[in-house]
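In: coordinates only, no sequence provided:
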């Protein structure tokens, strides 16, 4: 187990280095720079700014400087927000995005499991069809449609919940969490149904039923453990995806998280900020993939840590 | 799983109760606008998160809106007609040749920490604004001052050579290169704002870019408000500054700036009573507001022009006749009435009408017959053999709609084909800077109310010219206008210059901008003006009975 984790962590280093290098080159290849604006400053001023941020050095020098600084934990100052370092900006937005991701995941798990179980319990029944219709709607409905729709119903018409904000008004976390979690709930629902259907048709379930166990016990105790495996493998990357993919939700609901910063950084050509957030999200995805692999292995004895299988 | 009906209904009850608990029954809560009206707290939708609050680093309107609450320049503006009003300077003398300004600073001008604001503070601040290593992108605002440009560009290093001198604590003398009639008008631009020397030096030195002095708790300003709280991407709160010299005039207790970059979200916040004023309004909602709630929507004139640039270095756009033909075949009235619909006015000349009393006497006509003649004279009768040109705009629906309309007009009137393409903002800027385009959408918002802010853009090799167009006579008129001693002569030179621009047509003016936004009837003292400047010391909130 320890060796498995260690090897995976070591594998992450070249992955991250490649991500950094490719992002660095792609960002620099994009036309336009951080100091371009509709009103051009005199070339002498732009020259000074380029010198200050070492943008006149060769790309290779800049990249190696960046990597060596990053290794020491210094992601540099933001170009767009000169008074703040990239690290500070990430860590200001992170708790918010994490909290949002967590609520959305909880919502996705609860709703996804529930509908998935209902659907798998009576396949091809009206319960199954309605649960799967719900799931398909969730997958198909993009968040930029669902969000404003929920706002319209619950905030504007019913006046139950605030239209936006985070920690500013009572209940302002409900709609963004639901909107972000909806698509994931739908996936989980379909995965649960598929996983459960496969497990429930297996011999050991038939044995359990033959032994006279109650249906609840068969499903919850014997079926769920194996049936949830696809869900667990999905959850790790999904959580990372929830965090990095919260941009639209954060924009619609005016939430001060890092998803918004990431996309704005790309528009602003805020080189250091793009790099910093990319490294952060890449690390996150690597870590969550690792965690979900570990949990999957714990749930399924057929997966071994040696990876020879 | 068997759940009896009794426990089922209690589960249901529990869920309903929790939803209401979580929602906090928002209908019972006072909205920002309601509570703000009682406590004199103004809630403003302020576009995006500000880059910083350092007046010598920032470059945008978002930052301007906050900075004018925190810092005051030598001169401020009348909130309605924008004429210069005393700020930190209680009075000023201008020499007969218009080149030397002597400002008398008021005795009671204080920093928010109680320190006296002195003439030396301005010398330090303007030195900082011009320090090359600071990289102030708006330093050029100070270029009318003697040797300021040379110092900023590193051509001289002794700041004593720059025409900024403190004669004593209370007297500041500014020497200009030549008479600059709009000089007082730029003294409330944030790049001319003073900064508190001890605070700057506590967190760095004169050339430190991005230090922590602008954080809440560190910030020292001299404006009507002080910085109370800054939560990134969430809110900036400023509160009344008791040390401000004109504190009695200030009615608001606090201003909350909400960085709402999504215009639909902002409109929803306004609709639910969380904002007093929005930064903008989704264009598709303008009609609805005009019909249903005209008292909430405000349409003010704005000192800006929407135009198209020609790349005059390529065939056939190097031919002025072709450019004029294209410019004369656009029905601008149709564009503002059917597409933009937000109170914009058709523009037939670059400088907006009545810019500090100046209205261009020449104009580009809308005359499709003449346009066809011109195109024929240029060798393209009925559009024959006219190459297919490309029209560039930055990605935005409104720009696309306008471009499509113009594409149609040119096809219909001149029988020529244009293809449209859009680029993301920074790519588009890069294409403009490197002149990698044929025809490109553009805009210019005046920095100060004077024709010069528009017309000096098109001098030969000007940094913002980007058309490749150059005309020695035009350059000469702009230079002569700068040297003119009286305003009539000056405007005559501008008229001559603008006439050349309207004949040569390196650009096609399309419309003059307007500011369209939503405002609660509770907000008083917020007057329409060309620069969209609203000194907060005149703003107050009145209790109103209507919602929002």
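Out: Cool, got the structure. Keep in mind that this is a model prediction, so the values were computed, not measured. Residues are numbered from 1 along each chain as shown, chains lettered A, B, ... in the order given.

In: and the residue of the stretch 101-250 of chain A that's closest to chain B?
Out: Relative to chain B, the nearest point of the stretch 101-250 of chain A is residue A:170 (2.4 Å; Cβ to the nearest Cβ). Using the backbone N, CA and C atoms, a C-beta is placed for each residue, glycine as well.

In: that's a strand at that residue, yeah?
Out: No. Counting by DSSP: H, G, I helix; E, B strand; the rest coil, one finds residue A:170 to be coil, located in no strand.

In: go through stretch B:112-119 and flag the buried ones.
Out: Using 16 or more other Cβ atoms under 10 Å in any protein chain shown as the test for burial, stretch B:112-119 gives B:112, B:115, B:117-119.

In: now do the residue of the stretch 101-250 of chain A closest to chain B, the pLDDT please.
Out: Residue A:170 carries a pLDDT value of 81.

In: and the residue most central in space within chain A, what does it touch?
Out: Centroid-nearest residue in chain A, with Cα atoms, centre = their mean: residue A:241, separated by 2.0 Å. Residues near residue A:241 by Cβ atoms under 8 Å, 6 or more residues apart in numbering or on different chains: residue A:184.

In: SS state for it?
Out: Going by three-state DSSP: residue A:241 is helix.

In: residue A:222 and residue A:213: what is the separation?
Out: 8 Å (Cβ to Cβ, to the nearest Å).

In: show me where pLDDT drops low in the stretch 151-300 of chain A?
Out: Scanning the stretch 151-300 of chain A for pLDDT under 70 picks out the ranges A:245.

In: so which bits of it are right by chain B?
Out: Within the stretch 151-300 of chain A, the residues that sit near chain B (Cβ under 8 Å from any Cβ of the partner chain) are A:151, A:155-156, A:159-166, A:168-171, A:174, A:216, A:251-254, A:256, A:260-261, A:264, A:267-269.

In: from these, list the buried ones, please.
Out: Applying 16+ other Cβ under 10 Å to those flags A:151, A:155, A:160-166, A:168-171, A:174, A:251-254, A:256, A:260-261, A:264, A:268-269 as buried.

In: the strands in the stretch 101-250 of chain B, which residues?
Out: Assigned by DSSP state E, counting those that start in this stretch, the stretch 101-250 of chain B shows strands spanning B:164-168, B:171-175, B:225-231, B:235-240.

In: who has more neighbours out of residue A:222 and residue A:213?
Out: Between residue A:222 and residue A:213, counted using other Cβ atoms under 10 Å in any protein chain shown, the more crowded position is residue A:222 (19 against 15).

In: show me the contacts for the residue lying closest to the more buried one once chain neighbours are set aside.
Out: Closest residue in space to residue A:222, ignoring its immediate chain neighbours: residue A:208 at 5.1 Å, by Cβ to Cβ, 6 or more residues apart in numbering or on different chains. Residues in contact with residue A:208 (Cβ under 8 Å, 6+ apart) are A:217-218, A:222.

In: re the thing from before, from the buried residues of stretch B:112-119, which is closest to residue B:493?
Out: residue B:119 (34.0 Å; Cβ to Cβ).

In: got the confidence number for the closest one?
Out: Predicted confidence (pLDDT) at residue B:119: the value is 97.

In: list the contacts for it?
Out: Residue B:119 neighbours (Cβ under 8 Å, 6+ apart): B:103, B:105, B:166-172.

In: measure it to residue B:222 for me?
Out: Per Cβ to Cβ, residue B:119 is found 13 Å from residue B:222.

In: same check on residue B:425?
Out: Counting by Cβ to Cβ, the gap from residue B:425 to residue B:222 is 35 Å.

In: those two - which one has more neighbours?
Out: residue B:222 (28 against 17).

In: and the residue nearest to residue A:222, which helix or strand is it part of?
Out: helix A:203-210 (DSSP states H and E).

In: tell me which parts of the stretch 51-200 of chain B are close to chain A?
Out: Residues of the stretch 51-200 of chain B found near chain A (Cβ under 8 Å from any Cβ) are B:51-54, B:57, B:59, B:132-133, B:135-140, B:152-154.

In: pull up the gap between the residue nearest to residue B:121 when sequence neighbours are not counted and chain A, please.
Out: Nearest residue to residue B:121 in three dimensions, chain neighbours excluded: residue B:194, at 4.9 Å (Cβ to Cβ, 6+ apart). To chain A, residue B:194 is 19 Å away according to Cβ to the nearest Cβ, to the nearest Å.
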